[in-house]
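**Q** no letters, just coordinates:
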C-alpha cells in the first residue's frame, strides 16, 4: 500500500513543469552548494523557487511575458542575484541581455570579477556595464531598464506583490499554524497541487490556490478521485476548505479547460457559518459528489443550509451520528515459527507489549484478527453512511469486510468507509495488522545468539549487548482499538 502511494505520488509529480516564481542565482564562488529547500525569509510561504548556477543562467535566451524561460521550459517571474559585489563579466552581460528583453532582476550592483587573469580589463568592463544598469550610486533602486526592470532594496515577496503576482497558495484562516506544505506542477491541460499536512495533529484550513478551473481531489493512498463540491472562485484564484488527517496528503487537480459545474459557496449549521468561515462545526461536515448526486453528512445534528454558486439555497435537517461499539472476543492468528501460539482468543483488544509472554510482547510481523458482528436491519437505510473506526493501530492495517478488501490504513485516524459493504444481520470482519521489526530486535538482545530469530547488518557482534537497540522501549503494536461502527446521517442537497 505504501509503495502504491509512493508510485502514485511519483507519477503525478513527474507531470509537466514545476511552478516556481523566483530563480535565485547562486553566484560563482567556490564551494557553492544549494541547501535543502526551505521557506526563504525574503519570499515567505506561498511562493516557490529554484536555485540556478552559472551554467544554467548562461543558457537562458528567452524572456516571455516578462518571465525568463529556461531551455527546459521552466519559467520565472523574478531573477534574484546573490548578495555581494563579485560577479563574472559573462554573467552580467547575460543579465543585461535578459533585462533588455523584459526580465525583472533584483540584486546588488557588482564591482569585482573572479580570478586574476586579465582582471583589470574585465573589471573595467564590468563596472562600466554595472553603472549603465544600476547607475553610479549603489543606493536602493527600482527602475526600468530596456523592456525589463532592475530592483535593489526590496524583498522578493515585495517585488512579486508589486507586480500583482500573488502567492501560489495562501492559508486564509485557521486557529493555529496549519503546517501545510505544497508542490505545484502544471501541464497544458491541468494544474496539480500536492498538499501535505506535516503535523501529527489533524488540520482544518481554507486554502486559496492561484489556479482556476474545475477542481478535483485525487487521493494518492487509494487512487480515488472526487469532484470538489465546496469552493469559490474569483479573478485571483480558487478558495477551497480542506481538512487533513495527521501527516495526510492529497492532490488538488484543476482542469484548465473544463466548465465549472454547480458548486456550493456557503454552508451554515444551526445558523453558525461553516464555510466560507472556518469553525469547530466544520470538522464534522462532509460534502461529496457521486456522479450527479451531492450528499451532505454532519456529525452535529440540526438545520443545515447550503447556497450554490447561482444563489439557490437548500435547507436540510440532520440527526445525530450513532456509535456502535464492536465488543466481545476476537480470534487472532499469528504466523508459526516465532514462539507465539498461532491461534489465540483475545477477550478484549490489547497492545501486544502489555502481555506477560515475552514472545507475544515483542512479536514483530503480521497478525490476523477475525470477528463476527451483527447490525440490525432497520439501522441500514439510504439516508445513512457508515464508517469503521479501528481506534489505535500499531502500525498498519489491511481490512476485509464480508470477503471484500476495504483497503489499507497506514496513518491515523484509522477510519474506512464501509457503507456499500455493510449488510443487515451478520457481518464478518478480518483485520490484518503489521508492526515493524523493532520489537523483535529488542527481544533478541535478551537471548543467547543461537536462540535469536533476527539478523541485522547494523551490528556484526554476536554479543546482544552490543546491539544499538538493546535499551529501546518496544512500540505499541497490534489492533488496540476500540473498534467502532459510526453511523452518520446523510441527505441529498442537489440544487
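**A** Perfect, I can see it now. Here the structure is a predicted model, which means the values were calculated and not measured.
**Q** for this structure, longest helix please?
**A** In the chain, taking DSSP state H as the definition, the longest helix is helix 119-134.
**Q** show me which positions of it end up buried.
**A** Using 16 or more other Cβ atoms under 10 Å as the test for burial, helix 119-134 gives 122-123, 126-127, 129-130, 133-134. Every C-beta, even on glycine, is put in place using the N, C-alpha and C of the backbone.
**Q** contacts for it next, please.
**A** Helix 119-134 is contacted from outside by 87, 89, 92-93, 95-96, 99, 109-113, 141, 145, 150, 152, using Cβ atoms under 8 Å, 6 or more residues apart in numbering.
**Q** now, which of those sits nearest residue 321?
**A** Nearest to residue 321, judged by Cβ to Cβ, of the contacts of helix 119-134 is residue 152 at 59.0 Å.
**Q** pLDDT wise, what is the residue nearest to the closest one when sequence neighbours are not counted at?
**A** Computed as Cβ to Cβ, 6 or more residues apart in numbering, the closest residue to residue 152 that is not its neighbour in sequence is residue 141, at 5.3 Å. As predicted, residue 141 sits at a pLDDT of 91.
**Q** mind listing what residue 141 touches?
**A** Residue 141 neighbours (Cβ under 8 Å, 6+ apart): 134-135, 150-153.
**Q** in JSON lines: these, plus distance to residue 273.
**A** Output for the contacts of residue 141, formatted as JSON lines (distance: Cβ to Cβ, whole Å):
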{"residue": "134", "distance to residue 273": "51"}
{"residue": "135", "distance to residue 273": "53"}
{"residue": "150", "distance to residue 273": "47"}
{"residue": "151", "distance to residue 273": "41"}
{"residue": "152", "distance to residue 273": "45"}
{"residue": "153", "distance to residue 273": "42"}
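**Q** how much space between residue 44 and residue 38?
**A** For residue 44, the distance to residue 38 (Cβ to Cβ, to the nearest Å) stands at 11 Å.
**Q** who has more neighbours, those two?
**A** Legend: neighbour count by other Cβ atoms under 10 Å for residue 44 and residue 38, higher for residue 44 (13 against 6).
**Q** which residues touch residue 52?
**A** Residue 52 makes contact with 23-26, 79, according to Cβ under 8 Å, 6+ apart.
**Q** and for residue 326?
**A** By Cβ under 8 Å, 6+ apart, residue 326 lies in contact with 371, 373, 429, 482-485.
**Q** select from those residues every entry located in strands.
**A** Those of the contacts of residue 326 mapping onto strands are 371, 373, 429, 484-485, per DSSP state E.
**Q** just give me the closest of those to residue 420.
**A** Closest to residue 420, out of all of those and judged by Cβ to Cβ, is residue 485, at 14.3 Å.
**Q** give me the most central residue, the chain.
**A** Among the residues of the chain, the one closest to the centroid is residue 196, at 1.5 Å (Cα atoms, centre = their mean).
**Q** burial check on residue 94, number of neighbours?
**A** Residue 94 sits with 18 neighbouring residues when counted by other Cβ under 10 Å.
**Q** report the secondary structure state of it.
**A** Secondary structure assignment for residue 94 (DSSP: H, G, I helix; E, B strand; the rest coil): helix.
**Q** contacting residues around it?
**A** Shown in contact with residue 94 (Cβ under 8 Å, 6+ apart): 57-58, 60.
**Q** ditto for residue 16
**A** Contact partners of residue 16, counting by Cβ under 8 Å, 6+ apart, are 185-188, 190, 192.
**Q** same thing but at 10 Å, please
**A** Contact partners of residue 16, counting by Cβ atoms under 10 Å, 6 or more residues apart in numbering, are 73, 184-192.
**Q** quick check: closest non-adjacent residue to it.
**A** residue 187 (3.5 Å).
**Q** my read: the one you found touches residue 256, true?
**A** Yes - using Cβ atoms under 10 Å, residue 187 is in contact with residue 256, at 8.7 Å.
**Q** neighbour count for those two, which is higher?
**A** residue 256 (14 against 11).
**Q** number of nearby residues for the closest residue to that one other than its chain neighbours?
**A** Leaving aside its sequence neighbours, residue 256 sits nearest to residue 213 (Cβ to Cβ, 6+ apart; 4.7 Å). Residues contacting residue 213 under the criterion other Cβ under 10 Å number 19.
**Q** list the buried residues for the worst-scoring helix or strand of the chain on mean pLDDT?
**A** Lowest on mean pLDDT, DSSP states H and E among the helices and strands of the chain sits strand 285-290, with a mean of 74. Using 16+ other Cβ under 10 Å as the test for burial, strand 285-290 gives 285-289.
**Q** which among those residues gets closest to residue 458?
**A** Using Cβ to Cβ, residue 286 comes nearest to residue 458 of the buried residues of strand 285-290, at 44.9 Å.
**Q** identify the bridge partners of that closest one.
**A** residue 297 (DSSP bridges).
**Q** residue 398 now?
**A** Beta bridges link residue 398 to residue 408, residue 432, judged by DSSP bridges.
**Q** that one reaches residue 367, doesn't it?
**A** No - shown here, residue 398 and residue 367 do not form a contact pair, counting by Cβ under 10 Å, at 11.5 Å.
**Q** mind listing the shared neighbours of these two?
**A** When Cβ under 10 Å, 6+ apart defines a contact, the residues bordering residue 398 and residue 367 alike are 431-434.
**Q** want to throw these into TSV with distance to residue 385?
**A** Formatted as TSV, these follow (distance: Cβ to Cβ, whole Å):
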residue	distance to residue 385
431	20
432	25
433	25
434	28
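**Q** got the contact list for the closest residue to residue 47 other than its chain neighbours?
**A** Closest residue to residue 47 apart from its sequence neighbours, by Cβ to Cβ, 6+ apart: residue 21 at 4.9 Å. Counting by Cβ under 10 Å, 6+ apart, residue 21 makes contact with 43, 46-50, 67, 75-78, 156-157, 159-160, 163, 165-168, 210.
**Q** can we see that at 7 Å?
**A** 47-49, 76-78, 160, 165, 168 (Cβ atoms under 7 Å, 6 or more residues apart in numbering).
**Q** would you mind putting these into CSV with neighbour count alongside?
**A** Putting the contacts of residue 21 into CSV (neighbours: other Cβ atoms under 10 Å) gives the following:
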residue, neighbour count
47, 24
48, 20
49, 19
76, 23
77, 20
78, 27
160, 23
165, 19
168, 21
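**Q** and stretch 431-449, what's buried?
**A** 431-435, 438-445.
**Q** and what of stretch 188-200?
**A** Of the residues in stretch 188-200, 190-197, 199 count as buried by neighbour count, 16+ other Cβ under 10 Å.
**Q** just curious, which of the residues you listed is nearest to residue 235?
**A** For the buried residues of stretch 188-200, the nearest to residue 235 is residue 191 (16.0 Å; Cβ to Cβ).
**Q** burial measure for the closest residue to residue 59 other than its chain neighbours, as a count.
**A** Counting by Cβ to Cβ, 6+ apart, residue 71 is the residue found nearest to residue 59 once chain neighbours are left out, at 5.6 Å. By other Cβ under 10 Å, the residues close to residue 71 number 10.
**Q** can you pull the phi/psi pair for residue 71?
**A** Main-chain dihedrals, residue 71, degrees, to the nearest 10: phi -60, psi -30.
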